[in-house]
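# 3D model of this:
(one chain, ligands or ions: 1)
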Amino acid sequence: MTLKNPEYVPGHGLIKGKSVLVTAAAGAGIGFSAATRAVEEGARGIVISDIHAGRLEASVDRLKEETGLEQVYGKVGNVAVEDDVRALVDYAEEVLDGTDILINNAGLGTSKLLVDMDDEEWHKVIDVTLNGTMRMTRYMMRVMKERARGGVIVNNASVLGWRAQKEQSHYAAAKAGVMALTRCAALEAADFDVRINAVSPSIVLHPMLRKSASQELLEELESKEAYGRAAEAWEVANVMMFLASDYSSYMTGEIVSVSSQRG
Ligand SMILES: NC(=O)c1ccc[n+]([C@@H]2O[C@H](COP(=O)([O-])OP(=O)(O)OC[C@H]3O[C@@H](n4cnc5c(N)ncnc54)[C@H](O)[C@@H]3O)[C@@H](O)[C@H]2O)c1
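Numbering: from 1, shown residues only. Predicted coordinates:
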């Protein structure tokens, strides 16, 4: 294992026999990687969800093919729509016979100076990234509380919840909100044996992100990392698996940075 060119780490059965639900899992980034890792770490069944129906269907097929697990289910859903959130969680409860682990991966960003941003753009990013995570967390907490067999929720924040970057005021505010939500909800969920933590990645480059951000900015962000590179999506997924597993049994309300940034 080198820091500059890490080798893919094989699964260690961290979540053996657990059932998993992952949102925004049909893209090229952390969501699909988290789903793959969950199966490689021993999940007995998984529901992956995304707003994009075509890519979701392809992702279900790919996940089945690459991992050999048959119990892979797809459900289209927009985390910004309460009815979709309820339908998704209810579906996962049914096909998985209860969801042990929820990974709230969905988040949305754009790049815009605050002086040029209208309310619509602000609200859209907040609604998917912060409110979407809240809706999924709230409904899953209700279900887990009622079911009374515990559970784990892992949210996806970002180092921008802590750090400043131009053109990211909406996204950074939303991710700071995800961190605060994680801490407060965790305190409440502890009463019924549910742990809630978050990862806070710095940068993961994948084709969709490369298309939407300037090459110059991406290179600048990579150069700020001690390893001189972005994280692989699976390196973030690995930390999610740790937080989803019993290895982190004494952790709740924590935000774990997945970053090699120097400042
Ligand atoms: N990529 C990075 O550098 C980075 C860094 C820090 C944090 N994050 C966070 O990681 C998470 C995953 O981002 P990623 O870049 O790895 O991409 P990803 O591939 O994991 O997620 C993109 C997917 O999200 C889906 N999606 C978009 N809006 C949705 C909605 N409203 N409901 C459901 N699904 C929706 C898209 O269709 C797409 O398939 C996000 O929360 C992001 O903010 C990413």
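
# CA only for contacts and neighbour counts going forward, please
Noted.

# show me where the stretch 151-263 of the chain has strands.
151-156, 194-201, 255-258 (DSSP state E, counting those that start in this stretch).

# can you redo the ones you listed as TSV with mean pLDDT and mean neighbour count?
Formatted as TSV, the strands of the stretch 151-263 of the chain follow (pLDDT from 0 to 100; neighbours: other CA atoms under 10 Å):
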stretch	mean pLDDT	mean neighbour count
strand 151-156	98	26
strand 194-201	98	26
strand 255-258	98	20
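
# For the closest residue to Arg44 other than its chain neighbours, grab phi and psi.
In space, Arg44 comes closest to Gly17 once its chain neighbours are excluded; the distance is 4.8 Å by CA to CA, 6 or more residues apart in numbering. Backbone torsions for Gly17, taken as degrees, to the nearest 10, come to phi 80, psi 0.

# for Gly45, same thing?
phi -170, psi 150.

# repeat for the one 3 residues further on
Per-residue torsions, Ile48: phi -110, psi 140 (degrees, to the nearest 10).

# how many neighbours does it have?
Per other CA atoms under 10 Å, the neighbour tally for Ile48 reads 29.

# For it, give the beta-bridge partners.
Judged by DSSP bridges, the bridge partners of Ile48 are Val22, Gly74.

# list the contacts for the residue nearest to Arg44?
Listed by CA atoms under 8 Å, 6 or more residues apart in numbering, the contact set of Gly17 reads Gly42, Ala43, Arg44.

# mind checking which of the strands of the stretch 151-263 of the chain is nearest the ligand?
Closest approach to the ligand among the strands of the stretch 151-263 of the chain (CA to the nearest ligand atom): strand 194-201, 4.3 Å.

# The contacts of Gly17 also near the ligand: which ones?
With respect to the ligand, and counting by CA under 6 Å from any ligand atom, no part of the contacts of Gly17 is in contact.

# which of these tops the neighbour count?
Neighbour max across these (other CA under 10 Å) = Ala43, 23 neighbours.
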